[in-house]
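J.: Pasting a predicted model and its sequence here:
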Amino acid sequence: MIEYFFLLLGESIMVFGTLGILRFPDVYTRLHAATKCDTGGAMSILIALTIVSEASPLIRLKFLVLAFLIALINPMISHAIARGAYKHGIKPKVVVDMYAWDNP
Amino acid sequence: MSRVPFYLRERLDDVKQRVLFETYEAQKLPKWEQVVLTWIVLFSFWTIISANVKAENLLIGGLATLVISLFMYEMLTEDIRRSGHILEKILYISFFVIPQYLFIMAFRLIESNFKVAKHAVFMDINPGIVKIKTELHSNTGITILANSITLTPGTLTLDVNKKLGETYLYVHWISVETLNREKAGEKIKGDIEGWLRKIFW
């Protein structure tokens, strides 16, 4: 029963993340939605798969390795995209920009 | 010490921190402890990935990971603080630090997902890029801290600046609450930095 809860949580998180990607104004705020919602949604769907699958427990642990790799790689990719976008010259729509103060 | 003026006392504290940072090379783990820690990590990864608990499979995996960890022992463990006995360290990390970290970060991740959903529906955003200071100096510690900041609610790490033994992080904050560096650092980092400072430099 609890696997349906995890599946529903993951699906709704993914839907709201997609809504955030469509509605936010610039690259950096869209990256917020993409990073967090992809990580949380994919991890909870993987946990639901771990519970529902009927293999031996050592094989089910591979799903948890996948979840760990997603949680490790997703923030790094978002950091790389954000820094690359800033170095390329895309100005963020912000109220205060301390990164531009230090790198004029 | 008490008669030193306050502006000199700040610089004196800076120099003390610098000396501490310079002497951390002398306090690395011994070589065999690094090899043992690397071997434990690699062997558990081998066991999970191969999904086979026959004796010959475990023997081959143990030998191969031992050879690899004899070569590559510096990659994973060069930034770990030296403290106490190795068995105590292994038990402390695997039964206390990692479960606590995973538990807290899972709830912070769910909270950040709901917060993004709230921002996406109501569009009450006030973004800004702020600069915070961290007390960590090693590459592994800064990487884990930056990834944790990205997964906690409302923040995303843009860049890292290391100079003269001090480390600064530039953080994109989706709803800026304060511009003071210490208060912003407390709000953004939370307890994570304290836990990481127990293990990493």
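T.: Everything's here; your move. Note that this is a predicted model, so its numbers are computed, not measured.

J.: Give me the local confidence score for residue B:22.
T.: At residue B:22, the model reports a pLDDT of 66.

J.: Please verify my assumption that residue B:198 contacts residue B:93.
T.: No - with contact defined as CB atoms under 8 Å, residue B:198 does not count as touching residue B:93 (9.6 Å). The way it works is simple: take the backbone N, C-alpha and C, and place the C-beta from them, glycine included.

J.: of the two, who's got more company?
T.: A direct count of neighbours by other CB atoms under 10 Å in any protein chain shown for residue B:198 and residue B:93 places residue B:93 higher, at 15 against 12.

J.: what's the neighbour count on residue A:49?
T.: 17.

J.: Please tell me how far it sits from chain B.
T.: Distance from residue A:49 to chain B, counting by CB to the nearest CB, to the nearest Å: 16 Å.

J.: and the one helix or strand that residue maps to, what other elements does it pack with?
T.: Assigned by DSSP states H and E, residue A:49 falls within helix A:27-52. Under the contact criterion of 3 or more CB pairs under 8 Å, 6 or more residues apart in numbering or on different chains; DSSP states H and E, helix A:27-52 touches helix A:2-23, helix A:57-88, helix B:98-122, helix B:139-151, strand B:155-163.

J.: closest one to residue B:38 among these?
T.: Proximity to residue B:38 (CB to CB) singles out helix B:139-151 among the helices and strands packed on helix A:27-52, at 13.1 Å.

J.: Tell me which of the helices and strands packed on helix A:27-52 is the most buried.
T.: Among those, the stretch with the highest mean neighbour count (mean count of other CB atoms under 10 Å in any protein chain shown) is helix B:139-151, at a mean of 21.

J.: Count the neighbours of the residue nearest to residue A:98 when sequence neighbours are not counted for me.
T.: In space, and not counting its chain neighbours, residue A:98 is closest to residue B:131: 4.3 Å by CB to CB, 6 or more residues apart in numbering or on different chains. The number of residues packed near residue B:131 is 20, by other CB under 10 Å.

J.: what's in contact with the lowest-mean-pLDDT helix or strand in chain A?
T.: Ranked by mean pLDDT, DSSP states H and E, the weakest helix or strand in chain A is helix A:98-102, scoring a mean of 76. The contact list for helix A:98-102 (CB atoms under 8 Å, 6 or more residues apart in numbering or on different chains) reads A:86, B:129, B:130, B:131, B:158, B:159, B:161, B:170.

J.: Okay, buried residues for that helix please.
T.: For helix A:98-102, the neighbour count (16 or more other CB atoms under 10 Å in any protein chain shown) marks A:98, A:99 as buried.

J.: How far away from the center of its chain is that helix?
T.: 26 Å (CA atoms, centre = their mean, to the nearest Å).

J.: How about stretch B:158-173?
T.: Offset of stretch B:158-173 from its chain centre (CA atoms, centre = their mean): 14 Å.

J.: Alpha carbons of it, as PDB, please.
T.: Taking C-alpha atoms only, stretch B:158-173 is exported to PDB below (Å, rounded to 0.1, in the frame of the first residue of the first chain):
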ATOM      1  CA  LEU B 158      26.500  29.200  -8.300                       C
ATOM      2  CA  ASP B 159      30.300  29.300  -7.700                       C
ATOM      3  CA  VAL B 160      33.100  28.700  -5.200                       C
ATOM      4  CA  ASN B 161      35.900  31.100  -4.500                       C
ATOM      5  CA  LYS B 162      38.900  29.900  -2.600                       C
ATOM      6  CA  LYS B 163      41.700  32.300  -1.800                       C
ATOM      7  CA  LEU B 164      44.200  32.800   1.100                       C
ATOM      8  CA  GLY B 165      42.800  29.800   3.000                       C
ATOM      9  CA  GLU B 166      39.300  31.300   3.100                       C
ATOM     10  CA  THR B 167      36.400  29.800   1.200                       C
ATOM     11  CA  TYR B 168      33.300  31.700  -0.100                       C
ATOM     12  CA  LEU B 169      30.200  30.300  -1.800                       C
ATOM     13  CA  TYR B 170      27.900  32.300  -4.100                       C
ATOM     14  CA  VAL B 171      24.400  31.100  -3.600                       C
ATOM     15  CA  HIS B 172      21.300  31.900  -5.700                       C
ATOM     16  CA  TRP B 173      18.500  32.400  -3.200                       C
END
